[in-house]
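Visitor: coords below, sequence missing:
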(Lines give C-alpha, C1' and ligand atoms only; values in the text may rest on other atoms or scores of the structure.)
Protein backbone atom coordinates (compact mmCIF):
# COMPACT_ATOMS: atom_id res chain seq x y z
CA UNK A 1 0.00 0.00 0.00
CA UNK A 2 1.53 3.30 -1.13
CA UNK A 3 -1.60 5.41 -0.73
CA UNK A 4 -4.92 4.59 0.87
CA UNK A 5 -8.00 6.64 1.70
CA UNK A 6 -10.94 5.97 3.97
CA UNK A 7 -14.58 6.92 3.62
CA UNK A 8 -14.05 9.51 6.39
CA UNK A 9 -11.60 11.50 4.23
CA UNK A 10 -8.27 10.39 5.67
CA UNK A 11 -5.39 9.66 3.33
CA UNK A 12 -2.68 7.26 4.52
CA UNK A 13 0.72 7.83 2.88
CA UNK A 14 3.40 5.15 3.20
CA UNK A 15 6.62 6.67 4.55
CA UNK A 16 8.79 5.14 1.81
CA UNK A 17 7.22 7.30 -0.94
CA UNK A 18 7.59 10.58 0.96
CA UNK A 19 10.35 12.75 -0.47
CA UNK A 20 9.89 15.61 2.00
CA UNK A 21 7.49 17.27 4.39
CA UNK A 22 8.38 20.92 4.74
CA UNK A 23 7.12 24.41 5.09
CA UNK A 24 8.58 26.86 2.54
CA UNK A 25 11.02 29.43 3.93
CA UNK A 26 11.73 27.37 7.05
CA UNK A 27 15.06 25.86 8.00
CA UNK A 28 13.91 22.28 8.62
CA UNK A 29 11.21 19.94 7.49
CA UNK A 30 9.25 17.44 9.55
CA UNK A 31 10.65 14.01 10.31
CA UNK A 32 8.89 10.79 9.32
CA UNK A 33 9.54 8.07 11.87
CA UNK A 34 8.59 4.94 9.95
CA UNK A 35 4.83 5.23 10.38
CA UNK A 36 2.29 6.15 7.70
CA UNK A 37 1.49 9.85 7.48
CA UNK A 38 -2.19 10.77 7.80
CA UNK A 39 -3.64 13.61 5.76
CA UNK A 40 -7.15 14.94 6.32
CA UNK A 41 -8.55 15.71 2.87
CA UNK A 42 -10.26 18.83 4.28
CA UNK A 43 -6.79 20.35 4.87
CA UNK A 44 -5.52 19.84 1.31
CA UNK A 45 -5.62 23.11 -0.62
CA UNK A 46 -4.48 21.64 -3.93
CA UNK A 47 -2.40 18.94 -5.57
CA UNK A 48 0.34 19.90 -8.01
CA UNK A 49 4.07 19.67 -8.69
CA UNK A 50 6.56 21.61 -6.56
CA UNK A 51 9.61 23.49 -7.90
CA UNK A 52 11.58 20.22 -8.01
CA UNK A 53 8.92 18.52 -10.14
CA UNK A 54 7.66 16.19 -7.38
CA UNK A 55 3.96 15.49 -6.88
CA UNK A 56 3.00 17.56 -3.84
CA UNK A 57 0.01 18.01 -1.54
CA UNK A 58 -0.14 21.68 -0.56
CA UNK A 59 -1.78 21.98 2.88
CA UNK A 60 -3.75 24.78 4.58
CA UNK A 61 -1.14 25.09 7.33
CA UNK A 62 1.58 25.88 4.77
CA UNK A 63 3.24 22.46 4.69
CA UNK A 64 4.10 20.76 1.43
CA UNK A 65 4.11 16.95 1.36
CA UNK A 66 6.13 15.83 -1.66
CA UNK A 67 5.76 12.25 -2.86
CA UNK A 68 7.58 9.95 -5.25
CA UNK A 69 4.49 8.74 -7.15
CA UNK A 70 2.65 9.49 -10.37
CA UNK A 71 0.33 12.49 -10.40
CA UNK A 72 -2.59 10.32 -11.56
CA UNK A 73 -2.25 8.08 -8.49
CA UNK A 74 -2.29 11.01 -6.06
CA UNK A 75 -5.20 12.59 -7.95
CA UNK A 76 -7.19 9.34 -7.80
CA UNK A 77 -6.73 9.05 -4.03
CA UNK A 78 -7.51 12.73 -3.44
CA UNK A 79 -10.72 12.54 -5.50
CA UNK A 80 -11.80 9.33 -3.74
CA UNK A 81 -11.18 10.87 -0.31
CA UNK A 82 -13.15 14.01 -1.25
CA UNK A 83 -16.06 11.83 -2.38
CA UNK A 84 -15.93 9.72 0.80
CA UNK A 85 -14.94 6.50 -0.98
CA UNK A 86 -12.38 3.93 0.12
CA UNK A 87 -9.52 3.41 -2.33
CA UNK A 88 -5.96 2.10 -2.35
CA UNK A 89 -2.90 2.36 -4.61
CA UNK A 90 -0.35 -0.44 -4.34
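Guide: It's in. Keep in mind the model is a prediction, meaning the values are calculated, not measured.

Visitor: going forward, measure contacts between C-alpha atoms and count neighbours the same way
Guide: OK.

Visitor: So which residue is smack in the middle of this structure?
Guide: residue 57 (4.9 Å; C-alpha atoms, centre = their mean).

Visitor: my guess is that residue contacts residue 48, does it?
Guide: Yes: under the criterion of C-alpha atoms under 8 Å, residue 57 makes contact with residue 48 at 6.7 Å.

Visitor: Residue 44 versus the closest residue to residue 9 other than its chain neighbours, what's the distance?
Guide: Of all residues not flanking residue 9 in the chain, residue 81 sits nearest, at 4.6 Å (C-alpha to C-alpha, 6 or more residues apart in numbering). Counting by C-alpha to C-alpha, to the nearest Å, the gap from residue 81 to residue 44 is 11 Å.

Visitor: and the two? which has more neighbours close in?
Guide: Here residue 81 and residue 44 are compared on neighbour count by other C-alpha atoms under 10 Å; more neighbours surround residue 81, at 23 against 18.

Visitor: who are the neighbours in contact with that one?
Guide: Neighbouring residues of residue 81 by C-alpha atoms under 8 Å, 6 or more residues apart in numbering: 5-11, 41, 87.

Visitor: ok, and the most crowded of those?
Guide: That'd be residue 5 among the contacts of residue 81, by other C-alpha under 10 Å, with 27 neighbours.
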